[in-house]
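J.: Attaching a predicted model along with its sequence, questions to come.
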Amino acid sequence: MPVSLDTIVSLCKRRGFIFQNSEVYGGLANTWDYGSIGVELKKNIKEAWWRAMVYERDDMEGLDSAIFNHPRVWEASGHVESFVDPLVDCKGCKKRFRADDPSIVSDGGAKKCPECGGMLTEPRKFNLMFRTFMGPVESDSNVIFLRPETAQGIFVNFVNILTTMRRKIPFGIAQIGKAFRNEITPGNFIFRTREFEQMEIEFFVKPGTDREWYERWINERQDWYLKLGIRKENLRVREHPKEELAHYAISCSDIEYLFPMGWAELEGVANRGDYDLKRHSQFSGRDLSYYDDATKERYIPYVIEPSAGADRAALAFLVDAYREEKVKGEKRVVLGLHNSLAPIKVAVLPLLKNRPEIVSMASEIAKDLKGLFATDMDDSGSIGRLYRRQDEIGTPYCVTVDVQSLQDKAVTIRDRDTMLQDRINATELKNYLLKKLFSAHK
């Protein structure tokens, strides 16, 4: 049975994945803080992406560009002119809606509020970029924007990376970083928020090869999710019709996931053509073309952009990994996360917390493992309760230290997914866990 979004939200708060921002003050709407377990999950997702997209490829470079950019960057990119939504306001309850919101009621040609039935204003344009001021004086000359995407920081550094890293096309530039959009209708937990984190690539190719690379990147990005445990039936690709394309795109496809609220974009792969580099060349006066030594050609590269959200990925992995089982008549909640994504890899559990020598042995084992894995030492309850907590946060292996361990120096290892147990000598524990945690099928 599909899991509900409320169930995921409840699990996330209960087990320290994600909390409501500023909760002690009543919360800030659609803004979320990652707790001790959640920050590990999100970090692991970003590390898995970076490893696959940068370390395991020979055609990719990394970048970390600033959140602030020169205001002309956003003029050149088209965001100042095109990054707008038409909005209407309710004259009664004062709530704001997108003009194309399907819940808006039409009554004899008049548009009425879906919340209170009040009359709505005429649509007006609203820019989605957050404005602020750079410097001590708040004036129009000091207006600056929080970046709504990480892509433009890559485009304006194209020549810097090209020359310093001695790259030849085709090659890509990868970046992970925060972006900010003043969304009108954020919601569905961490699916759509005003502050989010992107994992983005701009891949530069020769014009004429762009369609091939576009299709290749769609396949590669789908495969990444599948390798990390997303079920195939929960993924699909939807190509945008022409009327839906962004102002910069030749073509674009969404890799969609079946979230609890239905099919929705998990990641976009766009063929941006030569729009961005041409515009920045025009607005900056700098030559951003590429010269091919082999063919003696000079051209503006086309760009293929796979753009994923770390937060949406976190939600998808949580939803896909969640399952409920009946074990001995009781409900067992499990997050079957891929080992590389699991926030805690190993939990060390003393069977009896009132036996100091057992707790001491467990503490030494946990200390020894922490140099290799994210390890949790927990003696805060009965063994059944400890297992349930670790199952709910997706810990692949639990190591139990019991009374017999004091004599034979052996421990019991429990597998999260099968619940099968092995008894091995504590001196063999590291090698056992290394083999289990990093085997190909995990």
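T.: Cool, got the structure. Numbering: from 1, shown residues only.
J.: Report the buried residues of stretch 298-310.
T.: Neighbour-count burial for stretch 298-310 flags Tyr299, Ile300, Pro301, Tyr302, Val303, Ile304, Glu305, Pro306, Ser307, Ala308, Gly309, Ala310 (criterion: 16 or more other CB atoms under 10 Å). C-beta here means a position set from N, CA and C on the backbone, and glycine is covered the same way.
J.: swap in stretch 266-278?
T.: Residues of stretch 266-278 classed as buried: Leu266, Glu267, Gly268, Val269, Ala270, Asn271, Arg272, Gly273, Asp274, Tyr275, Asp276, Leu277 (neighbour count, 16+ other CB under 10 Å).
J.: for Glu61, what are its contacts?
T.: Counting by CB atoms under 8 Å, 6 or more residues apart in numbering, Glu61 touches Val54, Ile161, Met165, Arg167, Phe171, Gly172, Ile173, Ala174.
J.: Drop anything exposed from these.
T.: Val54, Ile161, Arg167, Phe171, Gly172, Ile173, Ala174.
J.: Was I right to think the first one contacts Met60?
T.: Yes: if you go by CB atoms under 8 Å, Val54 and Met60 touch, sitting 4.9 Å apart.
J.: Mutual contacts of those two, please.
T.: Listed as contacting both Val54 and Met60 by CB under 8 Å, 6+ apart are Ala174.
J.: thinking again about what came up before, in strands, which of the contacts of Glu61 appear?
T.: Mapping the contacts of Glu61 onto strands (DSSP state E) picks out Phe171, Gly172, Ile173, Ala174.
J.: Between the residues you listed, which sits nearest Lys13?
T.: Of all those, Lys13 sits closest to Ala174, with 32.3 Å by CB to CB.
J.: Need the pLDDT of Cys398.
T.: Note for Cys398: predicted pLDDT of 97.
J.: Count the neighbours of it for me.
T.: 25 (other CB atoms under 10 Å).
J.: again with Phe373
T.: By the criterion of other CB under 10 Å, Phe373 has 19 neighbours.
J.: Point out where this protein drops to low pLDDT.
T.: Along the chain, the model assigns pLDDT under 70 to residues 1, 82-84, 440-442.
J.: Now the element after the top helix by length along it, going C-ward?
T.: The longest helix of the chain (DSSP state H) is helix 210-227. Counting by DSSP states H and E, the next helix or strand C-terminal to helix 210-227 is strand 235-239.
J.: Now do that following strand: which elements does it pack against?
T.: Applying 3 or more CB pairs under 8 Å, 6 or more residues apart in numbering; DSSP states H and E, we find strand 235-239 packed against helix 210-227, strand 251-259, strand 262-273.
J.: Look up phi and psi at the closest residue to Gly273 other than its chain neighbours.
T.: In space, and not counting its chain neighbours, Gly273 is closest to Ile250: 4.6 Å by CB to CB, 6 or more residues apart in numbering. When quoted as degrees, to the nearest 10, the phi and psi of Ile250 stand at phi -80, psi -40.
J.: Pro102 versus Met199, what's the distance?
T.: Met199 is 30 Å from Pro102, where distance means CB to CB, to the nearest Å.
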